[in-house]
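Asker: make a model of this:
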Amino acid sequence: MSPDRPNVLGPVVDGQTRCVHYRSPLDVIAIKFACCGEFYPCHLCHAQAADHVAKQWPLDSRDEPAVLCGVCGHLLAITEYLGTDSCPVCAASFNPGCKLHTELYFQG
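Answerer: Have a look, this model is predicted:
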């Protein structure tokens, strides 16, 4: 792991942030949780590994760099992530199914 790259917690299965719950070729993001400021690959990882209930990012935090591209390590602001299907730096495609869980992470 690069010294500049955030540590990703939970049952991570590879260096691109895939986890035991979501590990397709497109599952390459980790989300910084508003409640603790820690990165997890998914809501199930947070529920399994954290000692507290997850909280959503409030609407006024959309500029927060809270999504990590597991391929290149780029941090995306919430607004940036919600407006794209791939990393703006390395062009890695993100799983479009992740948008189905948006309300678990971000108020909206």
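Asker: residue ranges with poor pLDDT in the chain?
Answerer: Scanning the chain with the threshold set as pLDDT under 70 gives 1-3.
Asker: one more time with 90
Answerer: The model of the chain has pLDDT under 90 over residues 1-4, 98-100, 108.
Asker: what about the strands in it?
Answerer: 29-32, 39-40, 65-69, 75-77 (DSSP state E).
Asker: could I get the full set of helices for this structure?
Answerer: 43-49, 78-82, 102-105 (DSSP state H).
Asker: how about those helices in a markdown table, adding mean neighbour count and distance to C72?
Answerer: Bear in mind the C-beta positions are built from the backbone N, C-alpha and C, glycine included. Output for the helices of the chain, formatted as a markdown table (neighbours: other C-beta atoms under 10 Å; distance: least, C-beta to C-beta, whole Å):
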| stretch | mean neighbour count | distance to C72 |
| --- | --- | --- |
| helix 43-49 | 18 | 21 |
| helix 78-82 | 19 | 14 |
| helix 102-105 | 16 | 21 |
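Asker: of these, which is nearest D63?
Answerer: In terms of C-beta to C-beta, the element of those nearest to D63 is helix 78-82, at 6.5 Å.
Asker: just how off-centre is the closest one within its chain?
Answerer: 11 Å (C-alpha atoms, centre = their mean, to the nearest Å).
Asker: not counting that helix itself, show me its contacts.
Answerer: 29, 57, 61-64, 66-67, 88, 94, 99, 102, 106 (C-beta atoms under 8 Å, 6 or more residues apart in numbering).
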